[in-house]
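1. heads up, no residue letters with this:
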């Protein structure tokens, strides 16, 4: 009763811990470490073993946060398995998954059993008890991290058969591990309580799994009812999380009721129920996108609460004893994954290069593995905490090493599409215009009038040759190329270009944008595009899009709302111009705007650093690489450009 009265204060204290954990997670991310490690670290520091901000009793009173978070993790695992995305490589994905799961469970179980005499909490159990505990540990070793895999694939913009296989196996493994964990946990519970493993027990396990799947279907109906309501998104989110929590309450009630009133105890698996419900919503309903959006939006908040709470529950005294075991288990897991992935790839007929690198994408672990470890701590009081601490230490190691190996594998397989590093400025402003039209010719001449070196390129065909012959002067550098391949762009000296203007067909624009992004890294790429469906893909590549159908309307609107700035922008004021200059003068690095010696009639309008536009004032410090927007007379702007770009310019 006293704990219940103190629960609001405990929740408030934990909320403050979670806020601190959020910031420390961001710091870990800045240092190149996983955010989850920062959350665990914060919980460990704030927990009863160091600062004592939370006592053991208070942590136990917050168990409902664990259960809500575990339900969310199961929802997230089910939502990652989208059948249309894996059907194309189902045979390869299935064989690799089956091979890794089999080898990992067998190898991991044997390894933990062999190491049992060196693991303090396992020494007190008989051989049968050590076997079932080892089986649960081996099962958890199967877990992967779809969220990390998706994040890395998105970051690297990776595409190809190897990427599809990696994501497919990762997602299916998390689904399989929840089912296998339900079986292994039931077997462990029976053996550790003295119940013999016989046909009756196996039949009971089958009934429990069937009931869990059936309840998962019913849960999907409830989720669908919620998603179809015209409620605010935060209301739907709250109800979905409460439904997940309700699954845990139902599982606990069924266990207690059957224990008191029947000769057998029925153990429903709440993670399996939630995962099945999420899987059905994701694959067999029209609410997939909204459900995924809800999970994506609430995910960061759930993770920070869950992993902070997990960190507070870590037993520091046990961790000091088992960290060598955790390291050994992490190494063993890598070995069995290597064997299983190579064997599965060989059975599927994949290339030897692919088979040699497969293991590298399956090392990382996160939410599901930690969730299962936490469930062991809840289901098996006493030794469960020590088990969870050992597994969590192993998962943290895998989480640190795994993403590094994942990136290496995608890069070595040639499927990553990261932005290339742009060549340093050579002192000459170069622009390449692709497409030979009256607009591109006019643009090229205007850029030349502002001292740009411009190359215009078009396909070498009869139509373009006719257009080229009609040009009345030879002041333009116009080149005809056989195609817009990488080799053709290199022949145009694309690496030295400061800007590209693409005036081709929409499909060609997208293809050339991809090549520029991957091989040249040019920051300014302007695309003349009419197909709005391609705009998200172009924007992802950093392109600036000019849509002819709306550009004139937008320009007219700007003239009405701000005629002076529009006139300046279009060069209507012949005595004044606006230009962007990149700060390349190392002598000016760190100087404030008020300390700059610029001509009196030159104004600094803005400073852009990376993807952020700074609010400029006298105390704003300049950094190398800043994009500075200047306004003034053309001759004075030339003088200012020398100061920003000349390494020996005076300050």
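-> Okay, I see it. Please read these numbers as outputs of a predicted model, since none were measured by experiment.

2. Am I right that residue 458 falls within a strand?
-> Yes: under DSSP: H, G, I helix; E, B strand; the rest coil, residue 458 sits within a strand.

3. which other helices and strands contact the helix or strand that residue 444 is a member of?
-> Secondary structure here is read from DSSP states H and E; on that basis residue 444 sits in helix 438-449. Taking 3 or more CB pairs under 8 Å, 6 or more residues apart in numbering; DSSP states H and E as contact, the helices and strands that helix 438-449 lies on are strand 430-434, strand 453-459. (C-beta placed from N, C-alpha, C; glycine too.)

4. among the ones you listed, which is nearest residue 536?
-> For the helices and strands packed on helix 438-449, proximity to residue 536 was assessed by CB to CB; strand 430-434 is nearest, at 21.3 Å.

5. which outside residues touch stretch 226-246?
-> The list of residues contacting stretch 226-246 from outside it, by CB atoms under 8 Å, 6 or more residues apart in numbering, reads 64, 67-68, 70-72, 74-75, 219, 222-223, 274, 281, 285, 287, 290-291, 293-294, 297-298, 302.

6. if we can go back for a sec, highest average neighbour count across the helices and strands packed on helix 438-449?
-> When the helices and strands packed on helix 438-449 are scored by mean count of other CB atoms under 10 Å, the highest mean neighbour count falls to strand 430-434 (a mean of 24).

7. So residue 458 sits against residue 466, correct?
-> No: at 11.1 Å, residue 458 does not count as touching residue 466 under the criterion of CB atoms under 8 Å.

8. Pull out the buried residues from the contacts of stretch 226-246.
-> Burial of the contacts of stretch 226-246 was assessed by neighbour count (16 or more other CB atoms under 10 Å); the buried members are 67-68, 70-72, 74-75, 219, 223, 274, 281, 285, 287, 291, 294, 298, 302.

9. what ranges of the stretch 301-450 of the chain fall below the confidence cut-off?
-> Segments of the stretch 301-450 of the chain classed as low confidence (criterion: pLDDT under 70) are 367, 418-420.

10. residue boundaries of the helices in it?
-> For the stretch 301-450 of the chain, applying DSSP state H, counting those that start in this stretch gives helices covering 316-348, 352-357, 367-379, 383-412, 438-449.

11. possible to save those helices as CSV with distance to residue 259 and mean neighbour count?
-> Formatted as CSV, these follow (distance: least, CB to CB, whole Å; neighbours: other CB atoms under 10 Å):
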stretch, distance to residue 259, mean neighbour count
helix 316-348, 30, 19
helix 352-357, 49, 16
helix 367-379, 14, 24
helix 383-412, 19, 22
helix 438-449, 79, 15
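
12. Same list (the ones you listed) but as CSV, adding distance to residue 432.
-> What follows is the helices of the stretch 301-450 of the chain, written out as CSV (distance: least, CB to CB, whole Å):
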stretch, distance to residue 432
helix 316-348, 43
helix 352-357, 35
helix 367-379, 46
helix 383-412, 28
helix 438-449, 10
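
13. For residue 308, which of those is the nearest?
-> Ranking the helices of the stretch 301-450 of the chain by distance to residue 308, with CB to CB as the measure, places helix 367-379 first at 11.9 Å.

14. what sits up against the closest one?
-> Taking CB under 8 Å, 6+ apart as the criterion, the residues outside helix 367-379 that touch it are 36, 63, 66, 69-70, 73-74, 76-77, 136, 139-140, 143-145, 147, 174, 177-178, 181, 185, 189, 271, 303, 306-307, 310, 313, 384-385, 387-388, 391-392, 395, 398.

15. ok, now stretch 29-47?
-> Under the contact criterion CB under 8 Å, 6+ apart, stretch 29-47 has outside partners 17, 20-21, 24-28, 50-51, 53-54, 59, 148, 303-304, 307-314, 316, 366, 370, 392, 396, 399-400, 403.

16. which of these count as buried?
-> Using 16+ other CB under 10 Å as the burial test, the contacts of stretch 29-47 include 17, 20-21, 24-25, 28, 53-54, 59, 148, 303-304, 307-314, 366, 370, 392, 396, 399-400, 403 as buried.

17. Strands - which of the residues you listed land there?
-> Of the positions in the buried ones among the contacts of stretch 29-47, not one sits in strands, assigned by DSSP state E.

18. Mind putting the helices and strands packed on helix 438-449 into CSV with distance to residue 349?
-> Formatted as CSV, those follow (distance: least, CB to CB, whole Å):
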stretch, distance to residue 349
strand 430-434, 41
strand 453-459, 40
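
19. Just tell me which of the ones you listed ends up closest to residue 158.
-> Between residue 158 and these, the tightest spacing by CB to CB is seen for strand 430-434, at 26.5 Å.

20. Please enumerate the strands of the chain.
-> Counting by DSSP E, one finds strands in the chain at the ranges 430-434, 453-459, 477-481, 499-502, 524-528, 544-546, 577-582, 603-609, 612-614, 627-632.

21. In TSV: those strands, plus distance to residue 621.
-> Rendered in TSV, the data for the strands of the chain read as follows (distance: least, CB to CB, whole Å):
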stretch	distance to residue 621
strand 430-434	30
strand 453-459	32
strand 477-481	40
strand 499-502	27
strand 524-528	24
strand 544-546	27
strand 577-582	16
strand 603-609	9
strand 612-614	9
strand 627-632	12
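
22. Quick one: closest of those strands to residue 263.
-> Distances from residue 263 to each of these were compared using CB to CB; the minimum, 66.6 Å, belongs to strand 612-614.

23. what's near enough to touch residue 476?
-> By CB under 8 Å, 6+ apart, the residues touching residue 476 are 441, 444, 445, 448, 454, 456.

24. quick one, phi/psi of it?
-> Summarising the backbone geometry of residue 476 under the convention degrees, to the nearest 10, its torsions are phi -90, psi 140.

25. I'd like to know which helix or strand in the chain has the lowest mean pLDDT.
-> Every helix and strand of the chain was ranked by mean pLDDT, DSSP states H and E. The lowest is helix 563-569, at a mean of 63.

26. Return the residues in contact with residue 257.
-> Neighbouring residues of residue 257 by CB under 8 Å, 6+ apart: there are none.

27. Tell me which of the helices of the stretch 301-450 of the chain approaches residue 117 most closely.
-> For those, the distance to residue 117 is smallest for helix 316-348, at 11.0 Å, taking CB to CB.

28. Does anything pack onto the closest one? Which helices or strands?
-> helix 90-114, helix 352-357, helix 383-412.

29. 10 Å instead?
-> Contacting helix 316-348 under the criterion 3 or more CB pairs under 10 Å, 6 or more residues apart in numbering; DSSP states H and E are the following elements: helix 90-114, helix 127-140, helix 161-192, helix 352-357, helix 383-412.

30. Verify the stated contact: residue 189 with residue 269.
-> No: under the criterion of CB atoms under 10 Å, residue 189 is not in contact with residue 269, lying 11.7 Å apart.

31. which of these two has more neighbours?
-> Neighbours per residue, other CB atoms under 10 Å: of residue 189 and residue 269, the larger number sits with residue 269, 27 against 15.

32. pLDDT at the residue nearest to the more buried one when sequence neighbours are not counted, what is it?
-> For residue 269, the nearest residue in space outside its immediate sequence neighbours is residue 182; the separation is 3.8 Å by CB to CB, 6 or more residues apart in numbering. The pLDDT attached to residue 182 in the predicted structure is 80.

33. Please apply the same query to residue 470.
-> Per-residue confidence at residue 470 stands at 68 (pLDDT).

34. what do you get for the one 4 residues further on?
-> According to the predicted model, the pLDDT of residue 474 comes to 64.

35. Now do the contacts for the residue lying closest to residue 10 once chain neighbours are set aside.
-> With CB to CB, 6+ apart as the measure, residue 58 is the residue that lies nearest to residue 10, at 4.8 Å, once sequence neighbours are left out. If a contact means CB atoms under 10 Å, 6 or more residues apart in numbering, then residue 58 has 3, 6, 7, 9, 10, 11, 13, 14, 48, 312 as its contacts.

36. try residue 590
-> Contact partners of residue 590, counting by CB under 10 Å, 6+ apart, are 621, 622, 623, 624.
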